[in-house]
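Undergrad: let's see this in three dimensions:
(one chain, ligands or ions: 2)
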Amino acid sequence: MRALWLEDRVLSVRDVPVPAADGEALVRVVVSGVCGTDLELARGYYPFTGVIGHEFVGEVIESPDPAWIGARVVGEINAECGGCEACRAGRPTHCEDRTVLGIAGRDGAHAEYLRLPLSNLHRVPDGVSDEAAVFTEPIAAAVEILQQVHVLPTDRVLLVGAGRLGQLVAQVLALTGARLRVVAKHDAQKALLAARGIETIEPGDVEPRRWDIVVEATGSPSGFELAAAALRPRGTLVLKSTYRGEITLALAPFVVDEITIIGSRCGPFAPALRLLERGEVDPTALIAETYPLERAVEAMEAAGRPGTMKVLLRP
Ligand SMILES: [Zn+2]
Ligand SMILES: [Zn+2]
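TA: Ligands and ions are numbered 1, 2, ... in the order given. Model prediction:
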């Protein structure tokens with residue numbers, strides 16, 4: 001099969017063997033989405049050799065349970081061992097022996113086929129298009145914030161960053177009824193938010209020490225600085241982006257102001273699919289371009305240009 005292969009920071013579309021199902025489900029990929037994590041993998045921020053990609057919609061071709069064959073599915077990306085302390089304690093996304101689709105120890109979704117444990121798969125509701133369902137994984141990551149933080153409708157919530165993930169975080173946070181403002185860099189990002197009735201704010205207009213909850217989704221030191229300065233004492237800072245390298249910061253203000261810092265990663269798929277089914281989150285306006293898998297290297301370059309929203313691949 002054809003697949004987007006990463007090795008020593010070099011991307012290529014090449015022939016690789018169709019993965020052996022080996023007790024798991026074999027899925028034919030219909031569409032996959034390029035994520036910021038893919039770009040970071042290609043830049044060498046994580047050590048990985050193999051097929052990248054973890055956001056997809058596909059059709060089950062082989063399955064240990066025949067009832068799944070032919071199902072249109074999305075898949076959770078962490079494959080857990082089921083036996084370690086984290087798994088047994090109900091924290092499977094933190095499994096110590098996990099493999100992660102297209103990120104760690106497991107070939108990914110920018111390919112004609114992938115395999116995942118059946119327990120990772122979720123059927124896509126009929127009313128949800130492939131183009132919308134391919135966003136399930138990042139929407140789940142946005143939903144994870146609500147799993148972690150009790151956002152009150154009376155809260156002032158600031159979101160710093162309105163890129164691929166930030167847009168989805170904004171749509172999910174808007175559902176809480178909180179007073180939400182989003183710091184967006186590019187005009188196209190502002191327009192997408194405006195189309196959803198979500199208000200933006202210029203960095204210079206962010207009142208310092210006034211916001212109850214601040215979500216940082218830029219992954220940049222300047223975004224972090226703005227986010228930290230905006231928080232009121234005893235506020236909550238949610239880190240929704242990974243940081244390349246290190247960030248230098250004075251910790252004393254966090255102690256004095258009794259700030260809660262929360263790291264936030266993968267979230268639950270079932271509520272993400274419900275939000276899509278009900279139309280409460282609509283990611284399709286974020287699609288910038290769709291490329292054939294054969295042109296995946298070019299697609300990755302396009303996705304890496306500043307301000308580019310979602311790039312999709314079709315095998
Ligand atoms: Zn992703
Ligand atoms: Zn485990």
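
Undergrad: around ligand 2, pick out the residues from the stretch 1-150 of the chain.
TA: 80-81, 84, 87, 95 (C-beta under 5 Å from the ion). Yep, even glycine has a C-beta here, placed from its N, CA and C like the rest.

Undergrad: can you redo these as TSV with neighbour count and secondary structure?
TA: Converted to TSV, those look like this (neighbours: other C-beta atoms under 10 Å; DSSP: H, G, I helix; E, B strand; the rest coil):
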residue	neighbour count	secondary structure
Glu80	21	coil
Cys81	14	coil
Cys84	16	coil
Cys87	18	helix
Cys95	20	coil
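
Undergrad: Ile139 belongs to a helix?
TA: Yes: applying DSSP: H, G, I helix; E, B strand; the rest coil, one finds Ile139 inside a helix.

Undergrad: tell me how many other residues surround the closest residue in space to it that isn't next to it in sequence.
TA: Distance criterion C-beta to C-beta, 6 or more residues apart in numbering; nearest residue to Ile139, sequence neighbours excluded, is Ala272 at 4.0 Å. The tally of other residues near Ala272 (other C-beta atoms under 10 Å) stands at 26.

Undergrad: what's the answer for the one 5 residues further on, then?
TA: Each residue near Glu277 was counted by other C-beta under 10 Å, and the total is 16.

Undergrad: mind telling me what element the residue lying closest to it once chain neighbours are set aside is part of?
TA: Of all residues not flanking Glu277 in the chain, Pro125 sits nearest, at 4.4 Å (C-beta to C-beta, 6+ apart). Using DSSP states H and E, Pro125 sits within no helix or strand.

Undergrad: isn't Pro125 right up against Ala272?
TA: No: in this structure, Pro125 is not within contact of Ala272 by C-beta atoms under 8 Å, at 11.3 Å.

Undergrad: still on that earlier bit, tell me the two of the residues of the stretch 1-150 of the chain next to ligand 2 that are most distant?
TA: Glu80 and Cys84 (8.0 Å; C-beta to C-beta).

Undergrad: need the overlap of contacts for these two.
TA: Common neighbours of Glu80 and Cys84 (criterion: C-beta atoms under 8 Å, 6 or more residues apart in numbering): 95, 97.

Undergrad: residue furthest from the geometric center of this protein?
TA: Val256 (32.5 Å; C-alpha atoms, centre = their mean).

Undergrad: show me what contacts the closest residue in space to Val183 that isn't next to it in sequence?
TA: Of all residues not flanking Val183 in the chain, Val160 sits nearest, at 4.7 Å (C-beta to C-beta, 6+ apart). Val160 makes contact with 182-183, 214-218, 223, 226-227, 230, according to C-beta under 8 Å, 6+ apart.

Undergrad: tell me how far whichever residue of the stretch 201-315 of the chain sits closest to ligand 1 lies from ligand 2.
TA: The minimum distance from the stretch 201-315 of the chain to ligand 1, using C-beta to the ion, falls at Cys266 (8.9 Å). Distance from Cys266 to ligand 2, counting by C-beta to the ion, to the nearest Å: 14 Å.
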